[in-house]
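Peer 1: have a look; sequence and predicted model below, questions after that.
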Amino acid sequence: MTQKAKEWSPKAKARLAGVFEALEGFTSTFGQVSVLGKLIVVGNAAATAANILKHETLFRLGFASSLLGVVFHLAWAFLFYQLFRPVNRSVSFCALLVILVGCTIQALTALLYLAPLLVLTAGSSLSCRRWRTCFSN
């Protein structure tokens, strides 16, 4: 007694893809524009660094939001592939590959989001007062 899972209609898949696309846009925008816009002081790197350290939780929330945007982007990419596969399988697959490259780039930029925080919090271990103490075994 195996029951076949109910197949979603194309209309339902399209609506779900639209929801995922909206969520991706919201979370990515929040993570990269809203959070960074509050922390960056144009022309003053020291004030920007102080803001990042002062609001470290907000900065990490922006990173998590950007990474969540990648997950939503992947979800709507696969839904679009399923929607367009009956029309032309090879073109749909090619479009999926292009979107996956975009998702990879988006994920890498989200990871680079953490670079300033890593430099600012680990700066004491990165700087050496004496050359010999840095490279001693």
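Peer 2: Structure received.

Peer 1: switch to C-alpha atoms for all contacts and neighbour counts from now on
Peer 2: Fine.

Peer 1: does the closest residue to C103 other than its chain neighbours lie in a helix or a strand, and which?
Peer 2: Leaving aside its chain neighbours, C103 sits nearest to V70 (6.1 Å; criterion: C-alpha to C-alpha, 6 or more residues apart in numbering). Counting by DSSP states H and E, the element that carries V70 is helix 56-84.

Peer 1: repeat that for S92.
Peer 2: Assigned by DSSP H and E, S92 falls in helix 89-112.

Peer 1: could you say what helices and strands that helix packs with?
Peer 2: helix 56-84 (3 or more C-alpha pairs under 8 Å, 6 or more residues apart in numbering; DSSP states H and E).

Peer 1: how much space between L112 and F63?
Peer 2: 9 Å (C-alpha to C-alpha, to the nearest Å).

Peer 1: these two: which has the busier surroundings?
Peer 2: Between L112 and F63, counted using other C-alpha atoms under 10 Å, F63 has the larger neighbour count: 25 against 13.

Peer 1: you'd agree the more buried one is up against G31?
Peer 2: Yes: look at F63 against G31 with C-alpha atoms under 8 Å: they come within range, at 6.0 Å.
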